[in-house]
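**Q** sequence unknown, structure follows:
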């Protein structure tokens, strides 16, 4: 049931008067978003893995990080990123919402395509990122979700450990766009899936929860599915 808690923390519902065109108002507060981030971090849910698209291999690193190529020539690069501290959201009227990620760990490995190929550990990077955070409430179709939309504004990488020698600043700079691509194509879409609110007329479906309203009252009930 731990993975259900952030939805109770994240969502605030209120019934509005009949003169309003809206039946329900949904508000997301800074404190609730941060509480949800803390719960997910503690539960180990902010842990994502994947490969870079477009068949990106260690050949991309051959010139600036030759030891990475020598360790596993032309091997696809695998990424695993996980939070060690809860992401912190800040809601400001002037500049909108932002999300700060501090000291996330990014583990880079490489392995040949053939099944059973050994995995070569390349390096572990610490990631600090500043992101823009928005929520869309304009569903594309009936039953669609209210989704967060994250935009990476700035990313900073620090080498925690390396099995491919001491990395020059140029090598770290080369990794920046690769990490940025991985975050945009793998991590952010998966993160967005963790916070769905299905829009319906009389009730809301969340992951593992059914929210419904008691007619004639301002009560909102939730029930585990």
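**A** Nice, thanks for sending it over. Just so it is clear, the model here is predicted, and its values are computed rather than measured.
**Q** make it CA atoms for all contacts and neighbour counts henceforth
**A** Will do.
**Q** residue 123 in helix, strand or coil?
**A** Following DSSP: H, G, I helix; E, B strand; the rest coil, the label given to residue 123 is strand.
**Q** ignore what I typed, I meant residue 36.
**A** Put simply, residue 36 is helix when judged by three-state DSSP.
**Q** what residues are up against residue 70?
**A** For residue 70, the contact set (Cα atoms under 8 Å, 6 or more residues apart in numbering) is empty.
**Q** tell me which element it falls in.
**A** Under the criterion of DSSP states H and E, residue 70 resides in helix 66-71.
**Q** can you name the next helix or strand after that helix?
**A** strand 77-82.
**Q** got the contact list for that next one?
**A** Contacts with strand 77-82, where a contact means Cα under 8 Å, 6+ apart, come from 46-52, 56-58, 104-111, 182.
**Q** okay, and which of these map to helices?
**A** Of these, the ones assigned to helices by DSSP state H are residue 182.
**Q** among the contacts of strand 77-82, which ones are buried?
**A** 46-49, 51-52, 56-58, 104-111, 182 (16 or more other Cα atoms under 10 Å).
**Q** show me where the protein has helices.
**A** Counting by DSSP H, the chain has these helices, from start to end: 5-10, 30-42, 66-71, 169-182, 188-193.
**Q** so the longest one versus strand 77-82, what angle?
**A** The one in question is helix 169-182. Computed by axes from the mean of the first three to the mean of the last three Cα atoms, to 10 degrees, the angle separating helix 169-182 from strand 77-82 equals 80 degrees.
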